[in-house]
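Q: Have a look; sequence and predicted model below, questions after that.
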Amino acid sequence: MPDLLPIRHSRMAESPFAFYRGAAAIMADDLGAAGGPANSGIIVQLCGDAHLSNFGFFASPDRSLIFDINDFDETHNGPFEWDVARLTASFWIAAQQAGIRAKDVPTITFTAVKAYHSTMAAYAQMNELDVWYSRIDAEMLRTRASEDRSRVETRTVERVLETASERDRWSAVRSLTERTATGPEFSNKPPLLVRLPTEGEWRASVDAVYREYLATLLPDRAMLLGRYAPIDIGHKVVGVGSVGLRALVLLLRGRDDEDLLVMQAKQAVQSVLATFTPTEGITHMGERVVRGQRLMQAATDPFLGWVTGPAGTHYYVRQMRDMKWSPDISRLAVGGFLAYAAICGQTLARAHARAGDAVAISAYLGTSDRFAKALVTFAEAYARQNTADHAKFAAFAATSAGGGALTSAAEASAVEASLRAAFNPEIFTATRPNPASGPSAGTPSGPAADLPA
């Protein structure tokens, strides 16, 4: 979606950390290209974009709050340390940006790697089922805060859990929809939220795609969602690196207008890691995301599935929000960064232990701090390079025709018209390609192609 690239560019230009978030393809190239850092050869399912903002709370199927990785757009198999490198560099960059004292930044970064290391060592001593069922949930965090006897930490944990609990499905309904004379529908707030046409063959086309999506769910969940029907569709810009890809929102209605659910169908393209890692043999990119997420998360959105759009676009489908929460890093002090680094390191270790060989990883890491110290050194150097890259990118964004934010009503209207036109073929094409054909080998891996050389 080229008309949305100015939004992506403006978001990436905001700060070095925002640039880092949108530059997963650049780091994949740095890690995987010839001459890049050596790797262990220990292959696991990777998150692929394990920066600190891609961790947070969300609701498990049993409605308890758990803390886990929450973004798998780039999931792929690869060397375990690539995820660790992505995480540790993000802490260095974010801590610097938040104004943390220079002497504390290495400690924060070290804490993330050390937590990964020690947690992996613990998992290496556990049996496979105990590893599989392990998770970090709200009660565990409450217990930790209580054991530390910190009133401030206890209040912080309770405040975070309360905030996450409030971001339920109804918060998505309230913020994205409005009531009209004909019933609930998405608000139209271009360019970030655009309500798409629902005339003509919309109903038959969307219903057919919806049924195909339901076929990717477990039978009981498919039966439950089968009681809901699509009543409206829109396009909502999300994230940083994903801006420019198609991100549909679908409004479902159950028994009546008081039984609503917002789903997101997000375009899935080839992982930025695919060029540098062994092939997985999965041709549907939405299925790739879903498989990786189900493997790595302790508990997964029960409605996570995939589908091919009428024009052949690959999507993965999930609930919108459902108690999803990640911290505002600009508000974290040293203590907050240290605690968050520890929990993210532990979480990534748990995900890799599920998706790989905890014994092999733990043996490779050994008992010394050599790995942690090496990653801290890497994070410092990478943060320095990222700052330089961001400065060049910000200069490009300020002068490029496609680099600035969409600020005028006329620009927003132009994007709205472009989105509506772009999705007409996507929604109304009568003849669908073979879903098994997948994207061509020459399909770009994503918006990274839009970055300046």
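A: Alright, I've got the coordinates. Fair warning: this is a prediction, and the values are worked out from it, not measured in the lab.
Q: any idea of the pLDDT on the residue nearest to Arg321 when sequence neighbours are not counted?
A: Leaving aside its chain neighbours, Arg321 sits nearest to Ala172 (4.5 Å; criterion: CB to CB, 6 or more residues apart in numbering). To be clear about C-beta, it is placed using only N, CA and C from the backbone, and glycine gets the same treatment. You'll see Ala172 listed with a pLDDT of 86.
Q: Need phi/psi at Ala172.
A: phi -70, psi -40 (degrees, to the nearest 10).
Q: partner residues bridging Ile66?
A: Phe58, Asp137 (DSSP bridges).
Q: doesn't Met320 make contact with the residue nearest to Arg321?
A: Yes - the criterion here is CB atoms under 8 Å, and Ala172 meets it with Met320 at 4.4 Å.
Q: picking up where we left off before, ok, the residue nearest to Arg321 to Gly309 distance?
A: Here the criterion is CB to CB, to the nearest Å. By it, Ala172 lies 22 Å from Gly309.
Q: hmm, back to that, ok, the residue nearest to Arg321 - contacts?
A: Neighbouring residues of Ala172 by CB atoms under 8 Å, 6 or more residues apart in numbering: 262, 320-321.
Q: In strands only, show me these.
A: Those of the contacts of Ala172 mapping onto strands are Val262, per DSSP state E.
Q: how about the contacts of Ala172 in CSV, adding neighbour count, distance to Asn54 and pLDDT?
A: Output for the contacts of Ala172, formatted as CSV (neighbours: other CB atoms under 10 Å; distance: CB to CB, whole Å; pLDDT from 0 to 100):
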residue, neighbour count, distance to Asn54, pLDDT
Val262, 24, 21, 96
Met320, 21, 17, 86
Arg321, 22, 16, 74
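Q: what number of residues lie near the closest residue to Ala298 other than its chain neighbours?
A: Leaving aside its sequence neighbours, Ala298 sits nearest to Arg135 (CB to CB, 6+ apart; 3.4 Å). Residue crowding around Arg135 was assessed by other CB atoms under 10 Å; the count is 16.
Q: Same question for Pro61.
A: Under the criterion other CB under 10 Å, the count of neighbours that Pro61 has is 11.
Q: same deal with the one 5 residues further on?
A: Applying the criterion other CB under 10 Å, we find 22 residues in the vicinity of Ile66.
Q: so how far is Phe58 from the residue positioned nearest the centre of the chain?
A: The residue lying closest to the centre of the chain (CA atoms, centre = their mean) is Asp71, at 2.3 Å. Separation of Asp71 from Phe58 (CB to CB) stands at 11 Å.
Q: What of Asp328?
A: Asp328 is 17 Å from Phe58, by CB to CB.
Q: Settle it for me: which of these two has more neighbours?
A: Phe58 (23 against 8).
Q: Surely the more buried one touches Ile66?
A: Yes - at 6.9 Å, Phe58 and Ile66 qualify as touching, with contact defined as CB under 8 Å.
Q: Wait, a strand at Gln45?
A: Yes - counting by DSSP: H, G, I helix; E, B strand; the rest coil, Gln45 is part of a strand.
Q: Quick check, pLDDT for it.
A: Gln45 is given a pLDDT of 96.
Q: Run through the residues that contact it.
A: 75-77, 292, 295-296, 352, 355-356.
Q: Between those residues, which sits nearest Ser118?
A: Distance to Ser118, by CB to CB, is smallest for His352 among the contacts of Gln45, at 13.5 Å.
Q: Correct me if wrong: that closest one contacts Met120.
A: Yes - under the criterion of CB under 8 Å, His352 makes contact with Met120 at 7.1 Å.
Q: Leaving out sequence neighbours, find the closest residue to the residue nearest to the centre of the chain.
A: Closest to Asp71 by CB to CB, 6+ apart is Asn54, at 3.9 Å.
Q: any chance of the contacts of Ala172 in CSV, with distance to Gly305 too?
A: Shown next, in CSV, are the contacts of Ala172 (distance: CB to CB, whole Å):
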residue, distance to Gly305
Val262, 15
Met320, 14
Arg321, 17
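Q: Of the contacts of Ala172, just say which sits nearest to Tyr382.
A: Arg321 (31.8 Å).
Q: Just the buried residues of the top helix by length along the chain, please?
A: Determined from DSSP state H, the single longest helix within the chain is helix 370-399. Buried residues in helix 370-399, counted by 16 or more other CB atoms under 10 Å: 371-372, 375-376, 378-380, 382-383, 386-387, 389-390, 393-394, 396-397.
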